[in-house]
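**Student:** just the structure for this:
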Amino acid sequence: MTVNDCSQTDLNKIEVLDRSKNNWGVWSDRMQNYLLLKHGGSYLLGLMACPDPSLDSSSAGHWDLNNLCIIAALRTQSSSEENDFLRNFTNANLAWVALKMRHEKVGPITQILLIQQALTVKYLRSERLSTMSTNLSELVRHIYAIGIPKENNFLTIMMLNVMARELPHVRNHIADALATSTSSNLYGLSNIHSCLDVKQKLINTEKSKGRDVALAATSWGGVILMILANTHLAATAETPVTLRKIVLVIGELWKESVRKS
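**Tutor:** So this is what the prediction gives:
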């Protein structure tokens, strides 16, 4: 089987693979379909093994030619960074698998951050509305170039979105962690749940302290009322002064109690 001539004109219709644009999803679909039409898909997907040169040197040479043609097609429509990555590959299938791993592991995290960014876009009177629409369209294009968001990724996005009002610091911490996440040190849903568990413990502690302070205030308030109710002072000019002294002393004791709690 011969790989049909790859047309540079046809290849140019496929957007250049660029990691900074996160366009692996669209690029890989188009490139794979194109090479399948050119009878090169079996090399790309590892379905065509190289014949043994000692048994059939002609077929082995033919295989090598087709294999190198596929690699050339991949490199032609790739950025300089991707070309550097592909430089040492001499097997089309291994190059394809390596590209897939390189992009798909980074893709989900980048997609989450892009969707978060898209959710913050707002139309402003001070900006041209058409410009804002174009910016939003570009963001959405990048999001879907990575692929359709998976359930876990969508859940992560929703969790970050609902944290914005009540838990902004937690949200920022998680967003920073996602931004620095790598395939070897992935930050995912389990990490987010752990972060929320820690925050819940802090909230519970704050609530507990608040109840203790309220209880202390209630207790001292009761003491003050009891003393005032049971203080039988003569209706003289000294009475207001005496009462104020009692209240001031108890107030100081209450402040000390709250401070210690």
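
**Student:** quick one: buried residues of stretch 75-89?
**Tutor:** Buried residues in stretch 75-89, defined by neighbour count with 16 or more other Cβ atoms under 10 Å: R75, Q77, S78, E82, F85, L86, F89. Heads up, the C-betas are built off the backbone N, CA and C, glycines and all.

**Student:** and stretch 176-183, by the same measure?
**Tutor:** A177, L178, S181.

**Student:** for that stretch, C-alpha coordinates in CSV please.
**Tutor:** Extracted in CSV, the C-alpha atoms of stretch 176-183 (Å, rounded to 0.1, in the frame of the first residue of the first chain):
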residue,chain,number,x,y,z
ASP,A,176,-3.1,29.0,41.6
ALA,A,177,-2.6,25.3,42.3
LEU,A,178,-4.4,24.4,39.0
ALA,A,179,-2.2,26.8,37.1
THR,A,180,1.0,25.2,38.3
SER,A,181,-0.4,21.6,38.0
THR,A,182,1.6,19.2,35.8
SER,A,183,1.1,15.7,34.5
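
**Student:** mind putting the buried residues of stretch 75-89 into a markdown table with pLDDT and distance to W63?
**Tutor:** Supplementary listing: the buried residues of stretch 75-89 in a markdown table, determined by pLDDT from 0 to 100; distance: Cβ to Cβ, whole Å:
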| residue | pLDDT | distance to W63 |
| --- | --- | --- |
| R75 | 92 | 19 |
| Q77 | 91 | 23 |
| S78 | 93 | 23 |
| E82 | 94 | 24 |
| F85 | 93 | 24 |
| L86 | 93 | 19 |
| F89 | 93 | 16 |
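
**Student:** could you work out the most separated pair of those?
**Tutor:** Distance extremes for the buried residues of stretch 75-89: the farthest pair is Q77 and F89 at 15.2 Å, using Cβ to Cβ.

**Student:** need the buried residues of stretch 75-89 in JSON lines (columns: distance to L45 and secondary structure).
**Tutor:** Converted to JSON lines, these look like this (distance: Cβ to Cβ, whole Å; DSSP: H, G, I helix; E, B strand; the rest coil):
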{"residue": "R75", "distance to L45": "18", "secondary structure": "helix"}
{"residue": "Q77", "distance to L45": "18", "secondary structure": "coil"}
{"residue": "S78", "distance to L45": "18", "secondary structure": "strand"}
{"residue": "E82", "distance to L45": "19", "secondary structure": "helix"}
{"residue": "F85", "distance to L45": "20", "secondary structure": "helix"}
{"residue": "L86", "distance to L45": "17", "secondary structure": "helix"}
{"residue": "F89", "distance to L45": "15", "secondary structure": "coil"}
